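A.B. asks: give me a 3D structure for the following:
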Amino acid sequence: MSSLPPNTFKAAIAAGQQQIGLWSSLCSNIATEIIAGSGFDWIVLDTEHAPNEVPGLLSQLQAMATSTTEPVVRVAWNDAVAIKRILDIGARTLLIPFVQNAEEARAAVAATRYPPQGIRGVSVGPRANRYGRVAGYHHVAHESICVIVQIETRSACAEIEAIAAVEGVDGIFIGPSDLAADMGHLANPKHPEVQAAIADACARIRAAGKGAGMLTGDPEEACRYLANGFTFVAMGSDAGVLASATAKLAALGKEQVALLSKN
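C.D. replies: All right, here's what the predicted structure looks like:
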């Protein structure tokens, strides 16, 4: 019988050790395998705003199996059935979107725990316990499961202390785009009012003893977030990197063709 490896990402954010990450929405096991070897501490496999379904998600988790990068799966919603299915295929770090208060945070945690601590449905031999090969898995699974809740509104920001106090919540992630929209600055998370709210939320999350998370598509901004105290920050996305790099490559080629055509 085997045992579960420790969740080093969970341990790192609990210790306040900063972790850099990348967002993944390409829904490709090959792309995931490539970026998992790039040196990030964590990679989000998104099922909320990317067309990821369980079979494809499984192949991406398998592609990351030999990597030291922690897969963080953002579930589509704070739903016990969705959470159960993703845990059973072997994900152990989950990002739960649109958590508004302590009650919803408790529901998210409960969905990741077996009875009597929670309501997770029991499967005897899922991939999560190596098809029945992990001794005592059902009694210790929660020790390696990391629950990150995502706050995305002014109302949720007002509840940070209550959410952070929920046992089993390991980190709080700020959704900058939805927060900006809720504040009346749709598609403008860099607005000074939004940035002030983000900074305030980060300070309060850290003061409550939890890891604070953030996403940005701007590497320089990501570095500022790290400098300002965020614990885990996504430096960009695989789709963004691909779009930007290919656009630059195409522009370079067209520029060269234009120069040659003048000769």
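A.B. asks: what's the nearest residue to residue 77 if we skip its chain neighbours?
C.D. replies: Nearest in space to residue 77, with sequence neighbours left out and distances taken as Cβ to Cβ, 6 or more residues apart in numbering, is residue 97 at 6.6 Å. Heads up, the C-betas are built off the backbone N, CA and C, glycines and all.
A.B. asks: show me where the stretch 151-263 of the chain has strands.
C.D. replies: For the stretch 151-263 of the chain, the strands defined by DSSP state E, counting those that start in this stretch cover 171-174, 211-215, 232-237.
A.B. asks: and the shortest one, what does it pack against?
C.D. replies: Right, strand 171-174. Applying 3 or more Cβ pairs under 8 Å, 6 or more residues apart in numbering; DSSP states H and E, one finds that strand 171-174 contacts strand 146-151, helix 160-164, helix 192-207, strand 211-215.
A.B. asks: residues near the residue nearest to residue 77, how many?
C.D. replies: The tally of other residues near residue 97 (other Cβ atoms under 10 Å) stands at 21.
A.B. asks: quick one: it from residue 44, how far?
C.D. replies: Look at residue 97 and residue 44: by Cβ to Cβ, to the nearest Å, they are 11 Å apart.
A.B. asks: can you list residues touching both of the two?
C.D. replies: Jointly contacting residue 97 and residue 44 under the rule Cβ atoms under 8 Å, 6 or more residues apart in numbering are residue 74.
A.B. asks: if you count neighbours, what's buried in stretch 212-223?
C.D. replies: 212-217, 221-222 (16 or more other Cβ atoms under 10 Å).
A.B. asks: export it as PDB, just CAs?
C.D. replies: Provided in PDB are the C-alpha atoms of stretch 212-223 (Å, rounded to 0.1, in the frame of the first residue of the first chain):
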ATOM      1  CA  ALA A 212      -3.900  35.900  -0.300                       C
ATOM      2  CA  GLY A 213      -4.100  35.100  -4.000                       C
ATOM      3  CA  MET A 214      -4.300  37.200  -7.200                       C
ATOM      4  CA  LEU A 215      -4.200  36.800 -11.000                       C
ATOM      5  CA  THR A 216      -3.000  39.300 -13.500                       C
ATOM      6  CA  GLY A 217      -2.000  39.200 -17.200                       C
ATOM      7  CA  ASP A 218       0.800  41.700 -16.600                       C
ATOM      8  CA  PRO A 219       4.100  40.300 -15.300                       C
ATOM      9  CA  GLU A 220       5.200  43.600 -13.900                       C
ATOM     10  CA  GLU A 221       1.900  44.000 -12.100                       C
ATOM     11  CA  ALA A 222       2.300  40.500 -10.700                       C
ATOM     12  CA  CYS A 223       5.700  41.500  -9.300                       C
END
